[in-house]
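> Any chance you can model this:
(chains A, B and C)
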Amino acid sequence: MGATGPVHEALAALPLVDHHCHGIVTAEPDRAGFESLLTEGEPWPGISPFDTPLGLAVRRHCAPLLDLPRHAPADEYLARRAELGAREVDRRFLTAAGTEVFCVDTGYTPHPITTPGELARTAGATAYEVVRLESVAEAVAAAGVEPEAYPAAFRTAAEEAVRRPGVVAVKSVAAYRTGFDLDPARPPEALVVAAARQWLADGGRLADPVLVRHLLWTAVDLGLPLQLHTGFGDNDIRLHRVDPTHLTDWLHLTRGTIPVLLLHCWPYQRQAAYLAAVFEQVYLDVGLTLHHVGPARSRAILAEALEITPFRKLLYSSDAYGLAELYRLGALAFRRGLGELLQDLVDADELGLPDALRIAAWAAGDNARRLYGLPDPVPRSDRD
Amino acid sequence: MGATGPVHEALAALPLVDHHCHGIVTAEPDRAGFESLLTEGEPWPGISPFDTPLGLAVRRHCAPLLDLPRHAPADEYLARRAELGAREVDRRFLTAAGTEVFCVDTGYTPHPITTPGELARTAGATAYEVVRLESVAEAVAAAGVEPEAYPAAFRTAAEEAVRRPGVVAVKSVAAYRTGFDLDPARPPEALVVAAARQWLADGGRLADPVLVRHLLWTAVDLGLPLQLHTGFGDNDIRLHRVDPTHLTDWLHLTRGTIPVLLLHCWPYQRQAAYLAAVFEQVYLDVGLTLHHVGPARSRAILAEALEITPFRKLLYSSDAYGLAELYRLGALAFRRGLGELLQDLVDADELGLPDALRIAAWAAGDNARRLYGLPDPVPRSDRD
Amino acid sequence: MGATGPVHEALAALPLVDHHCHGIVTAEPDRAGFESLLTEGEPWPGISPFDTPLGLAVRRHCAPLLDLPRHAPADEYLARRAELGAREVDRRFLTAAGTEVFCVDTGYTPHPITTPGELARTAGATAYEVVRLESVAEAVAAAGVEPEAYPAAFRTAAEEAVRRPGVVAVKSVAAYRTGFDLDPARPPEALVVAAARQWLADGGRLADPVLVRHLLWTAVDLGLPLQLHTGFGDNDIRLHRVDPTHLTDWLHLTRGTIPVLLLHCWPYQRQAAYLAAVFEQVYLDVGLTLHHVGPARSRAILAEALEITPFRKLLYSSDAYGLAELYRLGALAFRRGLGELLQDLVDADELGLPDALRIAAWAAGDNARRLYGLPDPVPRSDRD
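Coordinates of the predicted model:
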């Protein structure tokens, strides 16, 4: 995309490990459906979600893959998208993403979406699964459980969920339920039972602070890497409560146990970087953010995220959900942003080229492979 | 100012809607008076407010309009300003601002200042009024009212104030009085009366959390757009309490009622952008910030503010108070900063020129016109 | 380093006042020791602290001073460092730093380190001392004191400590002990005694909120400038509690007493800038941050720190501890970052050259000299 130099070339050729994403909606989206999948917000009467940085990025960087000119109007874009059909559109964008591995959070399903296997087949990639613990807990509640039995039942269900083939991590959306300003200590069983009694009587989603805490500690017991939504999302978030530094006391208590992956992070990417720099077990990505700000702004976000982050602590994710465009845009924004950052440092002789290539390969996939125990990469040129 | 290209040219020609500003001091300021109007701070013994980014911007961008060389020393600047006289100085800067509409907060008057009409006449522009609700409440208290009658009396006074011709919005400085970490619910009448009893007995400005909450809910009842000071200001602010994301619960409760305009926002422009992206009713500007950081830094602030903000949600304001220079600098910094941002995207083919021109026109005035129901713009070339 | 122009040349020639740093470890560090001094974090198994922005900066900017090529590998770097020996290495880096005055915090001594005098002699510079008040209080406790006698004993010990020749300031690490969300009022004696009773019984470091508050108010009584750690550090920090704006109420109560110097600040440099802009007594630096982010990123941090900071309020510090490299990198990153910022403004005619040179000289040393009452600078060319 105009960016040249050996780091850009290397990043363009590197297959990515997208360590956190979701599925694609299986129904062909109409205009309203497409637009609602473009935004974390609620509908804005009289305002199109195309009139956002993400909307511009779709028209600029996705339109050409549908054989349209750059900056094609939204109407033309949607018409051509419908003409090609979802299967072809998905194939084009997923192939263009150049992602070799998807780690798919299977616990968020407001729409019918592809399974990890379907996503992987469309992309010519491999999929692993990330188990969302709130979904496990809510399934336990929905199946019917006595409050006294809840702690053991949740634990058993979570253990069973992570024993399924291909599961490499668990995830929590505590950010959406309580935020992180929680008592960090493992809650005593009696307290968990009392909170479960209330929740099971009241119904609704799991949002009790004691039960959220219990969930996080159950993640520690499971022993797999834990992905945590941090920073922005939809308006269910209280942003000031999801600054990940609120996790500091909990990170102290859980040192030496499981890796903790801070997802998204914006606008707290510097706070996340601090935690990654001072806690052995903390890693971060700026997924979701990158496609929302778009390829032209991704370098600025990555520059902040990398101010003090150890280079083995940065991962790539798209956090794409619903639209095939987002897998492509996330990958492009990551390659472009990191490429610009590293290439400029090389050009200014602030960074040696071999070091730059190593850092690029780490972030594009090696850090995730190391952390999740994934097999070695297949060179991109050999995959097609 | 050296910035070239069609976006810059378009922005230079666009008449601005300054949707939040104040009046100009009517007395000719002496050096101490001028310097105190340059800063949000208290006097710094031995330090001139000219030795700030804003002071540099005055010497660089305002001196030439007084027929002085760029970067003229402060002494020469003040001498020439006095020589020309306030009327001529005001005329020059207000004309140069290229502002077509001013929405003037008339509730902040520590000095004798121009009325909205006087400001508009000097600028060859139109003025509308923004009613500051704290001033209305304090006038009700000053006129004498029983605690039991306070809720109705404040409501009536506010309704009368907004019925005056030319009133387009209300404003609250809750940020200065309590910050935003308030109970979001509408307070029951009895609680308001009890709080009013205490306040009316104690005197002083309205700063009781219950009364501030009541004021915000009264704004909802009035039905006009509500401007909220957020982010930095003078040292009366507790900055960490005016992060606008503390308003999230209140924004949930007031969905579907009134537009909410987050003013200034720095250093929380990303937090404000998040709210604008996920709440239908939220808009933002980076007024005040732009003249304080100066034209050379305004692009960086706007770039952060626009990372995820829908383009119909960004407004322009100067938040100028007291000095005619600030109307000019705010306008220049906005045109320059937005121009650099959009022009560079166009030059890199990340954004189509027609889209860039549309976004520029929206932010410069169309978004404000739409929101406040203002008449269509007059082309700048037709105004002189 | 490639940066050219008169501002860069001026900054390269200006002797620095490093108003906050520590000593160098006196033992020759082995690889593990060297690496642990490169990071604020705990050891990362399988991850070298060289794989960080700071590690890259060492290899890029320090290797040539050890006669190695730029970007020399870590192994070669450490081997050459050992070959030259610590005395020679220290001499090279300290001389290259171009620092004329060091103000040394003598209260942090987890390793045997150089005295201020030794540091100064190696650098051909002058050293002053900064007294860390927590260390004074803990020495009082360690020597044995009755709770009732603690307030007076601490006060007397602090007064004696600051009467030592060469002491120019005091420092507090309240950030590490409690954070800044403290009751701002001076605590009554009875409360201090009660808190002291508990602390003296329990042992450990001073971390009681009442005693920390008492310490800050004792600093006010001492009358010397107070340096405050703010923002990031090791994982003992709860980052969200060390946003310096939590000090606002305390700054109101202590107006007109002592200068307060906000150290490091990242990622709260904008919040610190706000306080420096609105409180007469507040100053800031971005020490520690600059060597961690490295010379290539220092301009971005300084640009944020200077968005609204009065130019007489910015100071230079390295906050170097342990490794001679850090004095050199801090100085280089400061000169480079400030030089790029100011030179670009001059080149764009946004700033006059004489103003740029004045601002550079202020930040490099004049502001610190004025604040601490230090003698006038010696031109760098006359010092060798």
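> Secondary structure class of the residue nearest to residue A:177 when sequence neighbours are not counted, three-state.
The shortest distance from residue A:177 to any non-neighbouring residue, by C-beta to C-beta, 6 or more residues apart in numbering or on different chains, is to residue A:207 (4.2 Å). For glycine as for every other residue, the C-beta is placed from the backbone atoms N, C-alpha and C. At residue A:207 the chain is in coil, as set by DSSP: H, G, I helix; E, B strand; the rest coil.
> Quick one: neighbours of residue A:207, just the number.
14 (other C-beta atoms under 10 Å in any protein chain shown).
> Please verify my assumption that it contacts residue A:179.
No: using C-beta atoms under 8 Å, residue A:207 is not in contact with residue A:179; the gap is 10.5 Å.
> Find residues that contact each of these two.
Common neighbours of residue A:207 and residue A:179, counting by C-beta atoms under 8 Å, 6 or more residues apart in numbering or on different chains, are absent.
> got the phi/psi numbers for the residue of the stretch 251-384 of chain A found nearest chain B?
Among all residues of the stretch 251-384 of chain A, residue A:267 sits closest to chain B, at 3.8 Å; criterion: C-beta to the nearest C-beta. Phi and psi for residue A:267, reported as degrees, to the nearest 10, are phi -90, psi 20.
> quick one, what contacts it?
A:231-232, A:239, B:270-271, B:274.
> For chain A, which element, helix or strand, carries the lowest mean pLDDT?
helix A:31-37 (a mean of 93; mean pLDDT, DSSP states H and E).
> Name the residues of the stretch 151-300 of chain A found near chain C, please.
By C-beta under 8 Å from any C-beta of the partner chain, the residues of the stretch 151-300 of chain A that approach chain C are A:243, A:245-246, A:248-249, A:251-252, A:255, A:270-271, A:274, A:277-280.
> Now which of those would you call buried?
A:243, A:245-246, A:248, A:251, A:270-271, A:274, A:277-280 (16 or more other C-beta atoms under 10 Å in any protein chain shown).
> Go through the residues you listed and flag which are in strands.
When these are checked against strands (DSSP state E), there are no matches.
> Closest one of these to residue C:202?
Distance ranking of those against residue C:202, using C-beta to C-beta, places residue A:248 first at 22.4 Å.
> residues contacting the closest one?
Contact analysis of residue A:248 by C-beta under 8 Å, 6+ apart lists A:275, C:235, C:237-239.
> now do the same end-to-end measure for stretch A:109-123.
Using C-alpha to C-alpha, to the nearest Å, one end of stretch A:109-123 lies 20 Å from the other.
> May I see the buried residues of it?
A:111, A:113-114, A:116, A:118-120, A:122-123.
> need those in TSV with secondary structure, can you?
Compiled in TSV, the buried residues of stretch A:109-123 are given as follows (three-state DSSP):
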residue	secondary structure
A:111	coil
A:113	strand
A:114	coil
A:116	helix
A:118	helix
A:119	helix
A:120	helix
A:122	helix
A:123	helix
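> Which one of these is nearest to chain B?
Of all the buried residues of stretch A:109-123, the one sitting nearest chain B is residue A:111; the distance, using C-beta to the nearest C-beta, is 18.8 Å.
> Quick one, grab the pLDDT at that closest one.
Predicted confidence (pLDDT) for residue A:111: 89.
> Not counting its neighbours along the chain, what's nearest the residue in the stretch 101-250 of chain A that chain C sits nearest to?
Chain C sits closest to residue A:245 of the stretch 101-250 of chain A, with a gap of 4.0 Å, by C-beta to the nearest C-beta. Nearest non-adjacent residue to residue A:245, counting by C-beta to C-beta, 6+ apart: residue C:239, 4.0 Å away.
> so that neighbour touches residue C:232, yeah?
Yes: Residue C:239 sits in contact with residue C:232 when judged by C-beta under 8 Å, with a separation of 6.3 Å.
> Quick one: residues contacting residue A:337.
A:290, A:295, A:298-302.
> Now rank the residues you listed by neighbours and give me the top one.
The most crowded member of those, judged by other C-beta under 10 Å, is residue A:290 (33 neighbours).
> Can you tell me the element it falls in?
If you go by DSSP states H and E, residue A:290 is part of helix A:289-293.
> Can you pull out the residues in contact with that helix?
With C-beta under 8 Å, 6+ apart as the test, helix A:289-293 has contacts from A:40, A:52-54, A:57, A:231-232, A:264-266, A:269, A:298, A:300-301, A:318-320, A:326, A:329-330, A:333-334, A:337, B:307-308.
> Filter those residues down to the buried ones, PyMOL style.
Here is the PyMOL selection string for the buried members of the contacts of helix A:289-293, based on 16+ other C-beta under 10 Å:
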select buried, (chain A and resi 40+52+53+54+57+231+232+264+265+266+269+298+300+301+318+319+320+326+329+330+333+334+337) or (chain B and resi 307+308)
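> So which bits of the stretch 1-150 of chain A are right by chain C?
Counting by C-beta under 8 Å from any C-beta, the stretch 1-150 of chain A has no residue next to chain C.
> Next, please give the residue ranges for the helices of the stretch 1-150 of chain A.
Assigned by DSSP state H, counting those that start in this stretch, the helices in the stretch 1-150 of chain A fall at A:6-13, A:31-37, A:53-57, A:74-84, A:86-97, A:116-123, A:133-143, A:150-163.
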